[in-house]
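>>> below is the sequence, then the predicted model.
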Amino acid sequence: MSKVRPTAVAGTFYPGDRERLAATVDRLLAEAHPRKAKVPRALIVPHAGYLYSGPVAASAYARLQGAAPHLRRVVLLGPSHRVPFRGLALPDAEGLETPLGVLPVDEQGAADAARLPQVASSARAHAHEHSLEVQFPFLQRVLPGVPVVPFVVGSSNAEQVAEVIERLWAGDDTLILISSDLSHYLPYDEARAVDRETADRILSLDAEHLDTEHACGALPVSGLLLAARRRGLRAEELDLRNSGDTAGDRSRVVGYGSFAFDAPQEMA
């Protein structure tokens, strides 16, 4: 593998030691207690440090255990927190490093997406972006060997994001994974009310009324909701908490939610 994006947030957002990281992810997955269910078509997961959002993310990733033989790729989209740019950015790399090893990029999927005018390659957009990287160790533990097509989403609109998703969402062997936190730095009770409203909009596939006050990943979330609505999918709430629930301080919290998407008859 000739070009690898090095880890940027190991040791801060998640453990930098290989054994400790593997044990942390495995513990979070074991504590999630998933019910038996078909592998979902798409997931929304949070992307804060594992101390804060790890349990909520694990509630979604636990649904993927044992799914690796059935998946060809994961299409991962998360918002840009550091670099302003237009459109959606692919990494200038064939692999993505974590302490657990190198997660391969699906080069064919990336090449297909790059034919769209809103998609370009940008090492700078990916270099320090945590919204994608915090997902890599979970993917390496639950879907070993499954490659990803990772996009950092910059200035764009929901239709442009949905077009990228639909370009790559070929069938049941492709999982769409959206990385987004919910409200930011509100008092605990206010955050619960705002996040409940956001969750209800996600559950109703309301792609038109989400903004960055509701979720930092409002654009990728809205793009997924458009695509899911066109495919006749239904959303299921898996977990809805905030950092006051997971880490204790309730004065200023960040909201986290996990959601799964599938055909209605497959979620019954």
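Received the coordinates, thanks.

>>> okay, now the unreliable bits of the protein?
Along the chain, the parts satisfying pLDDT under 70 run over 1, 34-36, 266-268.

>>> all strands of it, in order?
Shown for the chain, the strands assigned by DSSP state E span residues 4-5, 42-45, 73-79, 88-90, 95-98, 101-104, 119-121, 148-153, 174-179, 184-186, 234-242, 253-262.

>>> which secondary structure elements does the fifth one contact?
Using 3 or more CB pairs under 8 Å, 6 or more residues apart in numbering; DSSP states H and E as the contact test, the elements touching strand 95-98 are strand 4-5, strand 101-104, helix 130-133, helix 136-142. C-beta coordinates here come from the backbone N, C-alpha and C atoms, glycine included.

>>> if we can go back for a sec, Phe13 is nearest to which of the strands of the chain?
Among the strands of the chain, strand 95-98 comes nearest to Phe13, with 10.8 Å by CB to CB.

>>> contacts for that closest one next, please.
Counting by CB atoms under 8 Å, 6 or more residues apart in numbering, strand 95-98 makes contact with 1, 3-7, 10, 21, 102-105, 132-133, 136-137, 140, 148, 150, all of which sit outside it.

>>> repeat the analysis, applying 10 Å as the threshold.
Residues from elsewhere that reach strand 95-98, judged by CB atoms under 10 Å, 6 or more residues apart in numbering: 1-10, 14, 16, 18, 21, 76, 101-105, 126, 132-140, 147-148, 150.

>>> to Leu182, which of the helices and strands packed on strand 95-98 lies closest?
The closest approach between Leu182 and any of the helices and strands packed on strand 95-98, judged by CB to CB, belongs to helix 130-133 at 13.2 Å.

>>> Cys216: what's it in contact with?
By CB under 10 Å, 6+ apart, the contact list for Cys216 reads 46-47, 78-81, 131, 179-184, 254.

>>> swap in Arg167?
Per CB under 10 Å, 6+ apart, neighbours of Arg167: Val75, Gly109, Asp112, Ala113, Arg115, Leu116, Val119, Val149.

>>> nearest to Leu240 among those?
Val75 (23.8 Å).

>>> didn't Ile44 look like it was pressed against Gly217?
Yes - Ile44 is within contact range of Gly217, at 8.1 Å (criterion: CB atoms under 10 Å).

>>> which of the contacts of Cys216 tops the neighbour count?
Ranked by neighbour count (other CB atoms under 10 Å), those have Leu182 at the top, with 32 neighbours.

>>> now it. Nearest residue, chain neighbours left out?
Spatially, and ignoring its direct neighbours in sequence, Leu182 is nearest to Gly255 (3.2 Å; CB to CB, 6 or more residues apart in numbering).

>>> which stretches in the chain count as helices?
For the chain, the helices defined by DSSP state H cover 18-32, 50-61, 107-113, 123-127, 130-133, 136-142, 158-168, 188-203, 218-230, 243-246, 264-267.

>>> buried residues in the fourth one?
Spelled out, it's helix 123-127. Ala125, His126 (16 or more other CB atoms under 10 Å).

>>> need the contact list for Ala227.
Neighbour list for Ala227: 41-42, 158, 161-166, 169, 176, 205, 207, 233, 261 [criterion: CB under 10 Å, 6+ apart].

>>> one more: Ser243?
46, 48-49, 51-53, 56, 181, 184-185, 188, 191, 249-250, 252-256.

>>> how far away is His130 from Pro144?
22 Å (CB to CB, to the nearest Å).

>>> and Val56, by the same measure?
In this view, Val56 and Pro144 are 22 Å apart by CB to CB.
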